[in-house]
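Student: got a predicted structure here, sequence first:
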Amino acid sequence: PSLIRIDADELTYPFHILIRYELEKRLIAGELPLQDLPAEWNRLYKEVLGVAVPDDAHGVLQDSHWSGGSFGYFPSYAIGSAYGARIYRFGKVKTPGELLRNACGADFDPQFYVDYLTRKYTALYNL
């Protein structure tokens, strides 16, 4: 686990995305006051990733997305990682749906990604 999303391994990377998306949803819904965002960021990083955030520069302020007004698309990063576990060489020649149906014979199923991560990290850490 890492403080920084882009430095995270592929197992914990989606958790960075989930934390950010959860916080975004709560901010937009008015359920999380802006002044509470840094503390909630730190709490979730500790709870979900087991990482203690030393300061806001390495926490809530580490990324330029929010300060630039970019909200709501973080889940696409996780979906891209899940797609990448099966396909990557076609680029924009085919739509994601076409790629998956051609490669897998079926529509997107997150279980492929879960299985991939389970096999890889079970072997890596002798779980």
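Tutor: Alright, I've got the coordinates.
Student: please make it C-alpha for all contacts and neighbour counts, starting now.
Tutor: Fine.
Student: relative to Gly30, how far out is the nearest residue to Ala52 once chain neighbours are set aside?
Tutor: In this structure, Ala52 finds its nearest non-sequential neighbour in Lys46, 5.4 Å apart by CA to CA, 6 or more residues apart in numbering. Distance from Lys46 to Gly30, counting by CA to CA, to the nearest Å: 23 Å.
Student: among those two, which residue is more densely surrounded?
Tutor: Lys46 (14 against 10; other CA atoms under 10 Å).
Student: just the buried positions in the lowest-mean-pLDDT helix or strand in the chain, please.
Tutor: Ranked by mean pLDDT, DSSP states H and E, the helix or strand of the chain with the weakest confidence is helix 74-84, at a mean of 78. Applying a neighbour-count criterion of 16 or more other CA atoms under 10 Å, one finds Phe74, Ala78, Ser81, Ala82, Tyr83 buried in helix 74-84.
Student: report the backbone C-alpha coordinates of that helix in CSV.
Tutor: C-alpha atoms of helix 74-84 as CSV (Å, rounded to 0.1, in the frame of the first residue of the first chain):
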residue,chain,number,x,y,z
PHE,A,74,-12.2,8.1,-10.9
PRO,A,75,-14.1,4.8,-11.3
SER,A,76,-13.1,4.7,-15.0
TYR,A,77,-9.5,4.3,-13.8
ALA,A,78,-10.4,1.1,-11.9
ILE,A,79,-12.5,-0.2,-14.8
GLY,A,80,-9.5,0.4,-17.1
SER,A,81,-7.3,-1.6,-14.8
ALA,A,82,-9.8,-4.4,-14.8
TYR,A,83,-10.1,-4.4,-18.6
GLY,A,84,-6.3,-4.3,-18.9
